[in-house]
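mind looking at a prediction? Sequence and model below.
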Amino acid sequence: MYIALMAFLIGIVCGLRALLGLAVLSWAARLHKIELEGSPLAFMGYRFTPWIVSLASIGELVNDKLPKTPSRLIPPQFITRVVMGALCGAVVGVTAHALLLGLITGVLGSVAGTLGGAKARGFLAHAFKADLPAALLEDVIAIGLALLVVFSIGS
């Protein structure tokens with residue numbers, strides 16, 4: 001049950017920031033904080049994977065603040081978040097030999113994170129009378145959740 005909770009939480013992270021969970025898990029695998037060796041997801045810990053995913057994640061963090069960025073609720077954005085939630089949930093699941101459980105709960109978490117994140121950010125942007133503080137608070141929450149998951153499942 002614990003691993004399902006951690007996969008759900010990393011799914012939420014992917015719903016908030018699609019690539020952030022992937023970047024954090026990739027670094028954890030590279031630094032051997034989580035063990036993926038011998039699994040189908042071992043590529044997450046390869047030498048260049050964390051760097052590539054981190055650059056993409058930083059780009060996403062910057063792009064998210066731009067006024068022309070499309071809503072996370074349109075199909076391409078939504079689907080990307082669900083796929084990333086599935087992948088990250090599977091990574092969390094593999095650490096406990098429960099890939100399918102992790103994948104499914106990661107998907108559920110990403111749907112919850114996408115829908116809940118959009119609603120919460122809209123509410124906060126209205127309360128702050130500006131989107132940027134809401135977006136930055138969302139970043140902090142996503143980073144904190146991702147680190148919580150890694151330190152909770154890490155070896």
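Great, that's in hand.

identify the residues contacting stretch 56-71?
17-20, 22-23, 76-77, 118, 131-132, 135, 139 (Cβ atoms under 8 Å, 6 or more residues apart in numbering). (Each C-beta comes from the backbone N, C-alpha and C, glycine too.)

rerun that using 10 Å as the cut-off
Outside stretch 56-71, the residues that touch it by Cβ atoms under 10 Å, 6 or more residues apart in numbering are 16-24, 26, 50, 72, 76-78, 80, 118, 121-122, 131-132, 135-136, 138-139, 142-143.

list the contacts of G21.
9-15, 53, 57, 81, 84-85, 87-89, 91-92, 106, 109-110, 113, 142, 145-146, 149-150.

now it, what's its secondary structure?
Following DSSP: H, G, I helix; E, B strand; the rest coil, G21 is assigned to helix.

got phi/psi on the spatially most distant residue from the centre of the chain?
The C-alpha centroid of the chain is most remote from K129, which lies 26.9 Å away (Cα atoms, centre = their mean). The phi/psi pair for K129 (degrees, to the nearest 10) reads phi 60, psi 20.

in terms of pLDDT, where does it sit?
pLDDT, K129: 96.

circling back: out of the contacts of G21, list just those in helices.
For the contacts of G21, the ones inside helices are 9-15, 53, 57, 81, 84-85, 87-89, 91-92, 106, 109-110, 113, 142, 145-146, 149-150, with DSSP state H as the criterion.
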